[in-house]
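Enquirer: Next input, structure requested:
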Amino acid sequence: MAKEAFDDAIIALKEALDRAKKDAEFQMVVSSKDEVIAKYQPIFQYENIRKLDRKVFCEFLKFENNKQLKSYDKLAKEITKDIYELRQVFKGFLDRSKNRFDRFEYAFPNEKQKIKGLDKNVLTTILQITEPDKYGIWSASAEYVIKEFDLWPDGGDTVLLKHILVNLMLGSLSEELVIDKWTLNALFEFIYREEIQKSNEVDFTNSGYSSSSLTNNGNFELEKHLQDFLAGNWDNLKEFGQWEIHKEDGATVGVEYIAGNIGRIDILASHKTEDRWLVIELKKDKTSDETLGQIQRYIGWVSENLASSDNQVEGLIIAGDYSEKLKYALKASQNIKLMTYQIQFELKPENI
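Expert: This next block holds a predicted model:
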């Protein structure tokens, strides 16, 4: 880790912390720490795991209760499908008499999640609750921010080794910022929300189009406004009548959705009545079969992190044109469709 990058990160994080202190959600999460720990620390003690109740754990997965995990309540049914298996995982993972390698092996045998949905974010949040001075939270927002500052630790070819390195980084950052690890993750989430908000801000007053553009031969000003146009006119586009842009806690976050360290999904949508997700990849120009690999990565990430086992995850590529390579590649990808768009404008004489 370069000292210069660390010092620059601390300066930026301190500035973000000053902004966060005026943010209602950040204040709520920070002030709720003692309450959450008092409520859930006894439940996740090793000696109490054998009594872990499905309903109690499902309630824990709601953000309104845990204050750190968002959208995991959607995976509650999947995670608790076999409550006996869940208890067994926790009995091993939370047994402090075992070494950390054995503990992590219960949750990630052969480097794979033992239970779908029970990922690093959930498990390290529970570690933070059970041992708040020792462990930070390895969340998607933490990973995103640390990587943005070029502080992501090198090395660590297993989940355990990477966790050790990440936890050391979290400790260094919290110590330098003089905040606890609970507050540090709330800060990461605040920065993540800031980025989402910046991505979703669209100035339709100066962009040259509005929702009424749809009735004006589908015009929009420039090709680069494709994403903004789709997001701003979503409810008026008949092609997406059964879909809505993904929301979390009531806020629309599906535009430029940050998919962990994989990248940003141009538009992420969910079906209004069916258990289906839609990943939309936008290409402003002619696109080739390379786009297929990109959207497949996003589909895989959504399947792993957001969708439950009975959810269908589909893909849609929207491009100005496409190559013959993409045409044939799509024939073998039944869950990914293709649409093209056209930019139209008209010249109209003015009587002056």
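
Enquirer: At which residues are the strands of this structure located?
Expert: Using DSSP state E, the strands found in the chain span residues 243-245, 247-248, 251-252, 255-259, 263-271, 276-287, 312-322, 336-340.

Enquirer: what's K134 in contact with, if anything?
Expert: With Cβ atoms under 8 Å, 6 or more residues apart in numbering as the criterion, the residues that contact K134 are L127. For glycine as for every other residue, the C-beta is placed from the backbone atoms N, C-alpha and C.

Enquirer: Next one: it relative to S97, how far apart?
Expert: Relative to S97, K134 is positioned 15 Å away (criterion: Cβ to Cβ, to the nearest Å).

Enquirer: next one: K331
Expert: From K331 over to S97 the distance is 56 Å, taken as Cβ to Cβ.

Enquirer: and what of L184?
Expert: Look at L184 and S97: by Cβ to Cβ, they are 28 Å apart.

Enquirer: So which of those two has more stuff around it?
Expert: L184 (22 against 7; other Cβ atoms under 10 Å).

Enquirer: so how far is the least confident helix or strand in the chain by mean pLDDT off the chain centroid?
Expert: Scoring the helices and strands of the chain by mean pLDDT, DSSP states H and E places strand 251-252 at the bottom, with a mean of 76. With Cα atoms, centre = their mean, to the nearest Å as the basis, strand 251-252 stands 13 Å off its chain's centre.

Enquirer: In terms of pLDDT, where does D23 sit?
Expert: The pLDDT attached to D23 in the predicted structure is 95.

Enquirer: Report how many residues lie close to it.
Expert: When neighbours are defined as other Cβ under 10 Å, D23 has 17 of them.

Enquirer: list the contacts for it?
Expert: With contacts defined as Cβ under 8 Å, 6+ apart, D23 is in contact with F190.

Enquirer: same deal with A307?
Expert: When the contact criterion is Cβ under 8 Å, 6+ apart, the partners of A307 are 277, 313.

Enquirer: next one: the one 5 residues further on
Expert: Under the criterion of Cβ under 8 Å, 6+ apart, the neighbours of Q312 are 274-277, 335.

Enquirer: right, so of the strands of the chain, which gets closest to K81?
Expert: When these are ranked by distance to K81, counting by Cβ to Cβ, first place goes to strand 312-322 at 18.2 Å.

Enquirer: partners of the closest one in the sheet?
Expert: When pairing is defined by DSSP bridges, strand 312-322 lines up against strand 276-287 (parallel), strand 336-340 (parallel).

Enquirer: Quick check, pLDDT for K224.
Expert: As predicted, K224 sits at a pLDDT of 46.

Enquirer: ah, wrong one, I meant N206
Expert: In the prediction, the pLDDT value recorded for N206 is 36.
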